[in-house]
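Asker: Pasting a predicted model and its sequence here:
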Amino acid sequence: MFNSIKKREHNIALLLIGIFTLSLAGTLIKLSHAGVYGIAFYRLFIAAVVIFMVTPRTILEQMGKIKRAEFLWMCLGGIVFSLHFLTWIYGLKTVSVFEGMVVVATNPIYTTIGAYFFFKEKPRGAFIPAFILAFIGTVFTFIEGVSRLQGDMTGMSLMFISTLLFSAYVLTGKKVRQKHDSNVYIVMLYFLASMVCLGFILVLGEPLISYTPRNYLFFVILALVPTVIGHGSLNHCVGHFRASTISMLTLLEPVVGSFAAYIALGERIGAFSLVGFIMICAGIGLLFKAELLGMAKRFLGK
């Protein structure tokens with residue numbers, strides 16, 4: 001029993017580490033001062049190489065078992081994931097870390113809608129009021145960001161598009177992720193997504209190698225901390241916790257991320273964004289009410 005408790009504590013620690021390290025991504029991107037496509041390419045490519053080097057033989061063996069249809073779904077996932085990264089990084093060039101993370105935190109709502117249309121998964125009974133709360137919360141955050149940017153809607157619009165693309169990435173991954181080891185899927189996804197970003201670099205003429213040592217340092221940190229450690233920890237925890245539990249706990253990201261942004265960049269949280277975040281938390285909490293009650297009971301030992 002002690003071993004099982006230790007194992008559960010280990011998984012909880014990994015989950016919290018994953019959320020914490022992912023929360024640092026926005027601040028690290030702003031501190032890097034590099035171009036959008038360069039950040040996205042190096043972050044994804046370095047992460048793919050690092051994960052591949054952990055178990056290269058196993059990953060190569062699994063790659064040989066990937067069917068053509070599955071590979072096409074992976075390609076689609078790579079394209080969608082790269083576009084999610086690019087719109088997210090572009091948006092962060094103007095909006096605050098908190099505003100960006102709050103908008104992206106609504107992704108479980110749009111993932112639920114997509115799952116209904118593409119996989120016929122019936123939404124929970126509380127979906128409509130949850131969606132209304134989350135949507136109004138997004139509007140409040142949107143108003144805050146646009147007002148701060150003196151009417152420029154570009155940054156907040158890109159964040160909203162990034163959120164939809166993240167939900168699309170989750171849905172495309174649903175087709176192949178259950179049939180292959182998670183490391184194989186992640187390596188393929190990151191590599192394919194990095195190649196899409198490389199294509200943008202070559203077509204648009206953005207620098208590929210003429211970066212400062214400081215830029216390369218941030219590329220490596222972004223690849224290792226929020227990508228390998230952050231996403232890697234959450235991918236491990238998917239096998240030990242309900243996906244809805246992880247979705248709920250990722251609402252901590254805007255809190256941790258905004259604190260990091262305040263320390264490193266001096267960013268402050270606006271009143272409308274804070275109200276919006278509370279409404280989004282309420283909406284997603286309503287959607288996963290049963291899971292929340294279960295978590296509370298387990299925590300209290302009842």
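Answerer: Here it is on my side, so go on.
Asker: buried set for stretch 128-137?
Answerer: 130-131, 133-134, 136-137 (16 or more other CB atoms under 10 Å). Placement of C-beta: from N, CA and C, glycine included.
Asker: and if you look at stretch 195-203?
Answerer: 195-198, 200-201.
Asker: With just CA atoms, put stretch 24-36 into PDB.
Answerer: Extracted as PDB, the C-alpha positions of stretch 24-36 are listed here (Å, rounded to 0.1, in the frame of the first residue of the first chain):
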ATOM      1  CA  LEU A  24       6.400  29.400 -18.200                       C
ATOM      2  CA  ALA A  25       6.200  29.100 -22.000                       C
ATOM      3  CA  GLY A  26       4.500  32.500 -22.600                       C
ATOM      4  CA  THR A  27       7.100  34.400 -20.500                       C
ATOM      5  CA  LEU A  28      10.000  32.500 -22.100                       C
ATOM      6  CA  ILE A  29       8.700  33.300 -25.600                       C
ATOM      7  CA  LYS A  30       8.500  37.000 -24.800                       C
ATOM      8  CA  LEU A  31      12.000  37.000 -23.300                       C
ATOM      9  CA  SER A  32      13.500  35.300 -26.300                       C
ATOM     10  CA  HIS A  33      13.000  38.300 -28.700                       C
ATOM     11  CA  ALA A  34      13.400  36.000 -31.700                       C
ATOM     12  CA  GLY A  35      11.100  35.700 -34.800                       C
ATOM     13  CA  VAL A  36       7.900  33.700 -34.600                       C
END
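Asker: List the buried residues for it?
Answerer: Those buried within stretch 24-36 under the rule 16+ other CB under 10 Å are 24-32, 34-36.
Asker: Show residues contacting it.
Answerer: Here stretch 24-36 makes contact (CB atoms under 8 Å, 6 or more residues apart in numbering) with 39, 86, 89-90, 92-93, 97, 100-101, 206-207, 211, 214-215, 218-219, 221-222, 225-227, 230, 256-257, 260-261, 264-265.
Asker: ok, 7 Å please
Answerer: 39, 86, 89-90, 92, 97, 100-101, 206-207, 211, 215, 218, 221-222, 225-226, 257, 260-261, 264-265 (CB atoms under 7 Å, 6 or more residues apart in numbering).
Asker: Among the buried residues of stretch 128-137, name the ones in helices.
Answerer: Of those, the ones assigned to helices by DSSP state H are 130-131, 133-134, 136-137.
Asker: Just name the closest of these to L287, please.
Answerer: For those, the minimum distance to L287 (CB to CB) is 3.9 Å, reached by A130.
Asker: ok, now how distant is the closest one from I136?
Answerer: A130 is 11 Å from I136, where distance means CB to CB, to the nearest Å.
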